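**Q** need the 3D shape of this:
(chains A and B)
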There are 2 protein chains.
Amino acid sequence: MSAPLQPRLDRAMSSVTIPPPKCMLRPLEVPFRYLFGPGPSNVPPRVLAAGGRGIIGHLHPEMYEIMNDIKKGIQYAFQTQNNMTIAMSGSGHAAMECAVFNTVELGESVLVAVNGIWGERVAEIAERMGANVHIMVKAPGGVFSNGEIEKALAKHKPVLFFLTHGESSAGLAHPVDGIGDLCRKHNTLFLVDTVASLGASPIFMDQQNIDILYTGSQKALNAPPGTAPISFNERACQKMFNRKTKPVSYLFDMAHLSNYWGNDGQPGLEESWRHHKEVAGYLWKGLEDMGLKLFIQNKDLRLPSVTTIAIPEGYNWREMLQYIMKHHNMEMTGGLGPSTGMVSVRGMLKF
Amino acid sequence: MSAPLQPRLDRAMSSVTIPPPKCMLRPLEVPFRYLFGPGPSNVPPRVLAAGGRGIIGHLHPEMYEIMNDIKKGIQYAFQTQNNMTIAMSGSGHAAMECAVFNTVELGESVLVAVNGIWGERVAEIAERMGANVHIMVKAPGGVFSNGEIEKALAKHKPVLFFLTHGESSAGLAHPVDGIGDLCRKHNTLFLVDTVASLGASPIFMDQQNIDILYTGSQKALNAPPGTAPISFNERACQKMFNRKTKPVSYLFDMAHLSNYWGNDGQPGLEESWRHHKEVAGYLWKGLEDMGLKLFIQNKDLRLPSVTTIAIPEGYNWREMLQYIMKHHNMEMTGGLGPSTGMVSVRGMLKF
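**A** Next comes the predicted model:
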């Protein structure tokens, strides 16, 4: 068999026609920027240094110890004792798809609160996988009352209800108290997105009866992008591990991910929340003193990690943001999805 | 509205019941290991250092320049001029799902060559998304002839044919010459997995008429895990951008990913292949001199990056691998999926 194969290998060895690009010989250059957009955030030197450590295998005993430490850290940040708490490899979108793909089966009813881009996104994800999607819609920054939510739960009998806690496209911190109880009453899982809020604005997964919670690493947690912490409580596990069909994605199948994560079992959070609230207060006052209007008028509903400024009449928001980057190396962004052109968005450093 | 919300925030500020874990105060410790398994591989200091650089935004002009450099590097490594060439955020599995999700619609016929775990995996992914999956099966390490492949293409008329170039569970480098031409003749897209082989064993995406090619970052490319290079040629783009339905995953939808990647458009590869082949030759001879048998008997079919050793009779492979790690800090692994218990697997450092 080796005789006929020889010509193949000889041809292969002499067939490189595309030369190596010159850029491969340059070292990576990354300019310093003050990241004041909603994310990614600047990363403290201690965390950056950890990213430069050597690689070990994904099945080595030391890796399981590191994963166990990560799990404990997420349990603390989420304020949960859920055993099914992991960091996914991927973006906040990966956690979003993981949550929906695992807890919903084809044709099941899903209710999504849409008051900005992230609700729209979850509705699209659920539609693509073939769920029966119902949406409640408010303008960007709008707040859903518990009464409105209960009415919709009773009407659509969803297996899953989605709400964004930190709606970065509007700068809104949506209240969550009481909604978990309503979801239990109606046999619905309560899924909350805290990508833009976790660590900046108080959330208590267990006390607030949130069934599934996820976030991203690159926002108020001040880590590099690429991991997405997610946690499922017992109710969520009951539903997802008693499916009739397999989730549409192998990669995001919690049956595999939970096996890998073992499934056994300081400045603090309060200081982080207090700090974000205090510093955001100074920022809000300074902006208002300059004559600017904030997009979310009720202070208690403002995300401390993402401040949205209404675009002043007669100004071009793209030109303003370019000016700020050019002269101050500061990133600020426009709105997202439905809030595009309505606001400019400024995130906040934690450290 | 601020009056009724005040109690909520006060309660929140005093409700932290789960204390910060002590492990959060320890610096990250990562032991040094010689990574001689099929992956991840040890990463050269220059690449590790790049991983410790500061963060910039995903929409900054400098980020697009970096992405453009990455694209050129992948085009070189794949030997392709395809414009639709990107690095996905995620593992090799992410690229696998991306390829299948984008090019196949519900109910369409897919043909998968299964001679190890990766073919099994792609068949499962295609089944989950509702494709009509046909498999050709051989024992681990088995080679499909072009005649067998053409017969199956003619019979099942698939929109996509999958083959693993570097089958790490058996240590096989499968020939690919001529298969791309057969796929064109039968109006099928040719999808090739080179996660375990790219950079170690010659592959020429354009010359070999491969329509979709992907790999992982953490194998012979010697980068950290977390990105998956993938490329689609014009035929593949025609199919995936003229779908009737949206792909089941939003995250992996190439319509979005290609927008983000712009869609405009040194030791060399030969030295890397030569080096792998030469060093693997020494390893194979040394192992055979010790009386060990290699799993793939035909030298021309052996993966230079992953060597599989048949488990000698009367030995417990788990005990052997634990002994080697304990006494030499060297990772070697058992087989994967169908080859479990048949082989022990040893990858190779590139640098």
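**Q** ok, residue A:44 to chain B distance?
**A** 10 Å (C-beta to the nearest C-beta, to the nearest Å). In this view, the C-beta of every residue, glycine as well, is placed from N, C-alpha and C.
**Q** surely that residue is in contact with residue A:222?
**A** Yes. Using C-beta atoms under 8 Å, residue A:44 is in contact with residue A:222, at 6.1 Å.
**Q** who's in contact with residue A:249?
**A** Residues in contact with residue A:249 (C-beta atoms under 8 Å, 6 or more residues apart in numbering or on different chains) are A:97-98, A:101, B:97, B:125, B:128, B:248-249.
**Q** now do the contacts for the closest residue to chain B within the stretch 51-200 of chain A.
**A** Nearest to chain B, among the residues of the stretch 51-200 of chain A, is residue A:52, at 3.1 Å (C-beta to the nearest C-beta). Residue A:52 is in contact with B:48-49, B:51-52, counting by C-beta under 8 Å, 6+ apart.
**Q** confirm it sits in a helix?
**A** No. Assignment of residue A:52 by DSSP: H, G, I helix; E, B strand; the rest coil gives coil, placing it outside any helix.
**Q** on the pLDDT front, check the closest residue to it other than its chain neighbours for me.
**A** When the adjacent residues along the chain are set aside, residue A:52 lies closest to residue B:52, with 3.1 Å between them (C-beta to C-beta, 6 or more residues apart in numbering or on different chains). Looking at residue B:52, its pLDDT stands at 90.
**Q** higher neighbour count, residue A:44 and residue A:222?
**A** residue A:222 (20 against 14; other C-beta atoms under 10 Å in any protein chain shown).
**Q** so what's the residue count around the nearest residue to residue A:189 once chain neighbours are set aside?
**A** Leaving aside its chain neighbours, residue A:189 sits nearest to residue A:211 (4.3 Å; criterion: C-beta to C-beta, 6+ apart). Burial of residue A:211 is recorded as 27 neighbouring residues (other C-beta under 10 Å).
**Q** how about the one 10 residues further on?
**A** Neighbour count of residue A:221, defined by other C-beta under 10 Å: 23.
**Q** sec struct for the residue in the stretch 101-250 of chain A that chain B sits nearest to, please.
**A** Chain B sits closest to residue A:202 of the stretch 101-250 of chain A, with a gap of 3.7 Å, by C-beta to the nearest C-beta. Secondary structure state of residue A:202, per three-state DSSP, is coil.
**Q** quick one: residue A:303 from residue B:15, how far?
**A** Distance of residue A:303 to residue B:15, given as C-beta to C-beta, to the nearest Å: 19 Å.
**Q** please list all residues in contact with residue A:31.
**A** A:329, B:56, B:62.
**Q** out of those, who's the most crowded?
**A** residue B:56 (19 neighbours).
**Q** that one: what secondary structure?
**A** Quick answer, by three-state DSSP: residue B:56 is coil.
**Q** just checking, it touches residue A:33?
**A** Yes. The criterion here is C-beta under 8 Å, and residue B:56 meets it with residue A:33 at 5.2 Å.
**Q** give me the most central residue, chain A.
**A** residue A:195 (2.9 Å; C-alpha atoms, centre = their mean).
**Q** pretty sure that one is touching residue A:166, no?
**A** Yes. With contact defined as C-beta under 8 Å, residue A:195 reaches residue A:166; the gap is 6.7 Å.
**Q** low-confidence stretches in the stretch 151-300 of chain A?
**A** Counting by pLDDT under 70, the stretch 151-300 of chain A shows low-confidence ranges at A:263-266.
**Q** who touches the closest residue to residue A:144 other than its chain neighbours in this structure?
**A** Once flanking residues are discounted, residue A:144 sits nearest to residue A:113: 5.2 Å by C-beta to C-beta, 6+ apart. By C-beta under 8 Å, 6+ apart, the contact list for residue A:113 reads A:119, A:135-136, A:138, A:144, A:149, A:161-164.
**Q** in strands only, show me the residues you listed.
**A** Of those, the ones assigned to strands by DSSP state E are A:135-136, A:161-164.
**Q** now do the lengthiest helix in chain A: which elements does it pack against?
**A** Criterion DSSP state H: the longest helix present in chain A is helix A:269-289. Applying 3 or more C-beta pairs under 8 Å, 6 or more residues apart in numbering or on different chains; DSSP states H and E, one finds that helix A:269-289 contacts strand A:306-310, helix B:2-13.
**Q** export it as CSV, just CAs?
**A** What follows is helix A:269-289, C-alpha atoms only, in CSV (Å, rounded to 0.1, in the frame of the first residue of the first chain):
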residue,chain,number,x,y,z
LEU,A,269,-19.7,41.6,46.5
GLU,A,270,-21.4,44.2,48.7
GLU,A,271,-18.3,46.4,48.4
SER,A,272,-18.3,46.0,44.6
TRP,A,273,-22.0,47.0,44.5
ARG,A,274,-21.6,49.9,46.9
HIS,A,275,-18.5,51.1,44.9
HIS,A,276,-20.3,51.0,41.6
LYS,A,277,-23.3,52.8,43.0
GLU,A,278,-21.2,55.5,44.6
VAL,A,279,-19.0,56.2,41.6
ALA,A,280,-22.0,56.0,39.2
GLY,A,281,-23.7,58.7,41.4
TYR,A,282,-20.8,61.1,40.9
LEU,A,283,-20.8,60.4,37.1
TRP,A,284,-24.6,60.9,36.9
LYS,A,285,-24.4,64.2,38.8
GLY,A,286,-21.5,65.4,36.7
LEU,A,287,-23.3,64.7,33.5
GLU,A,288,-26.4,66.4,34.7
ASP,A,289,-24.4,69.4,35.9
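**Q** could I get the full set of strands for the stretch 201-350 of chain A?
**A** In the stretch 201-350 of chain A, the strands defined using DSSP state E, counting those that start in this stretch lie at A:212-214, A:227-232, A:306-310, A:330-331, A:333-334, A:343-347.
**Q** ugh, typo on my part, it should be the stretch 1-150 of chain A
**A** So, for the stretch 1-150 of chain A - with DSSP E, counting those that start in this stretch - the strands run A:34-35, A:84-89, A:109-114, A:132-137.
**Q** what's the shortest one packed up against?
**A** Okay, so that is strand A:34-35. Packing contacts for strand A:34-35, counted by 3+ C-beta pairs under 8 Å, 6+ apart, involve strand A:330-331.
**Q** quick check: residue A:115 touching residue A:144?
**A** Yes. Counting by C-beta under 8 Å, residue A:144 is a contact partner of residue A:115 at 7.2 Å.
**Q** that older thread, and residue A:303 and residue B:15? Which one has more around it.
**A** When residue A:303 and residue B:15 are compared for neighbours, residue A:303 comes out ahead with 28 against 14, by other C-beta under 10 Å.
**Q** for that one, give me its contacts.
**A** A:166-168, A:171-173, A:196-197, A:200-201, A:296.
**Q** any idea how far it is from chain B?
**A** Distance of residue A:303 to chain B, given as C-beta to the nearest C-beta: 13 Å.
**Q** give me phi/psi at that residue?
**A** phi -70, psi 120 (degrees, to the nearest 10).
**Q** burial count for residue A:49?
**A** Neighbours around residue A:49, by other C-beta under 10 Å: 14.
**Q** dump the residue contacts of the closest residue to residue A:226 other than its chain neighbours.
**A** The shortest distance from residue A:226 to any non-neighbouring residue, by C-beta to C-beta, 6+ apart, is to residue B:226 (5.5 Å). Counting by C-beta under 8 Å, 6+ apart, residue B:226 makes contact with A:89, A:226, B:89-91, B:217-218.
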